[in-house]
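Novice: coords below, sequence missing:
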């Protein structure tokens, strides 16, 4: 079954404590990206990757890092989380058609 | 710059009635348009897309969308709403040849029995 898997689904952390949200896809897609969803703002792209070792900033990259060492994995790293990064995060992968989304990670930074 | 607008934050419909969720877009070049649905505590699920061809696109769960180039619109429709259609709906446009999607702000659809 075609899948994008994110972990964890829910996370509560404290300001400044580094965290990583993992994302894995089994469709051999080249393009992967991270979005955050905030009420009234829809989804906004944080970072994207066109292929292994190729990453670039999206619309709201501040405070985030990514890496793409393997085609299937695209982790999102928050080196020093702050309360304004409290949000719902989605990983997505696509080839040329529609994007497939993970189930989401609800992050709360206190 | 590409953009998408969903002018209604919420749409309320009675079960069995037709529903429309509106979307307008602004793109340079040919638009690649999508509709996604988000149920509570779930990820986004693909409903349908317009790339080229017939202006009426049919998708999952009985939904369809009408592409109107002159009005730059891509409204989502369903002839007879179900209570289970209640969810958050997003219109999106693909930006360029990569996979980036630009989303509207979302429309909450509420279908009452």
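Specialist: That came in fine, so what should we check first? These figures come from a predicted structure and were not determined experimentally. Residues are numbered from 1 along each chain as shown, chains lettered A, B, ... in the order given.
Novice: Only C-alpha atoms from now on, for both contacts and neighbour counts.
Specialist: Noted.
Novice: Direction included, what does the lowest-mean-pLDDT helix or strand in chain B pair up with?
Specialist: Least confident helix or strand of chain B, by mean pLDDT, DSSP states H and E, is strand B:101-103 with a mean of 89. If you go by DSSP bridges, strand B:101-103 pairs up with strand B:87-94 (antiparallel).
Novice: same question for the strand it pairs with, mean pLDDT?
Specialist: Over the span of strand B:87-94, the pLDDT mean works out to 94.
Novice: can you check stretch B:38-45 too?
Specialist: For stretch B:38-45, the mean confidence score works out to 87.
Novice: Quick check: phi and psi on the closest residue to residue A:6 other than its chain neighbours?
Specialist: If the residues on either side of it in the chain are set aside, residue A:6 comes closest to residue A:23, at 4.5 Å by CA to CA, 6 or more residues apart in numbering or on different chains. Note on residue A:23: its backbone torsions stand at phi -140, psi 130 [degrees, to the nearest 10].
Novice: In contact with residue A:23, which residues?
Specialist: Applying CA atoms under 8 Å, 6 or more residues apart in numbering or on different chains, one finds that residue A:23 lies in contact with A:4-7, A:73-76, A:91, A:102.
Novice: Strands along the chain, start to end?
Specialist: All of this is about chain A. Listed in chain order, the strands of chain A (DSSP state E) span residues A:4-7, A:10-13, A:19-25, A:31-38, A:42-51, A:54-57, A:65-66, A:76-78, A:87-94, A:100-101, A:105-109.
Novice: Chain B is the one I meant
Specialist: Using DSSP E, strands in chain B cover B:3-5, B:10-14, B:19-21, B:24-26, B:33-38, B:44-50, B:56-58, B:64-68, B:73-78, B:87-94, B:101-103, B:107-112.
Novice: which other residues reach the longest one?
Specialist: Under the contact criterion CA under 8 Å, 6+ apart, strand B:87-94 has outside partners A:42, B:2-6, B:23, B:25, B:31-40, B:100-110.
Novice: what's the angle from that strand to strand B:73-78?
Specialist: Relative orientation of strand B:87-94 versus strand B:73-78 (axes from the mean of the first three to the mean of the last three CA atoms, to 10 degrees): 150 degrees.
Novice: who wins for most neighbours among the contacts of residue A:23?
Specialist: Neighbours here are counted as other CA atoms under 10 Å in any protein chain shown. On that basis the top member of those is residue A:91, with 32 neighbours.
Novice: who's it bridged to?
Specialist: In this entry, residue A:91 is beta-bridged to residue A:34, by DSSP bridges.
Novice: Residue B:46 too?
Specialist: Partner residues in beta bridges with residue B:46: residue B:36, with DSSP bridges as the criterion.
Novice: That one is in contact with residue B:36, isn't it?
Specialist: Yes - counting by CA atoms under 8 Å, residue B:46 touches residue B:36, with 4.6 Å between them.
Novice: Dump the strands of chain B to JSON lines, plus mean neighbour count.
Specialist: Output for the strands of chain B, formatted as JSON lines (neighbours: other CA atoms under 10 Å in any protein chain shown):
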{"stretch": "strand B:3-5", "mean neighbour count": "19"}
{"stretch": "strand B:10-14", "mean neighbour count": "15"}
{"stretch": "strand B:19-21", "mean neighbour count": "21"}
{"stretch": "strand B:24-26", "mean neighbour count": "18"}
{"stretch": "strand B:33-38", "mean neighbour count": "23"}
{"stretch": "strand B:44-50", "mean neighbour count": "21"}
{"stretch": "strand B:56-58", "mean neighbour count": "17"}
{"stretch": "strand B:64-68", "mean neighbour count": "21"}
{"stretch": "strand B:73-78", "mean neighbour count": "22"}
{"stretch": "strand B:87-94", "mean neighbour count": "25"}
{"stretch": "strand B:101-103", "mean neighbour count": "24"}
{"stretch": "strand B:107-112", "mean neighbour count": "20"}
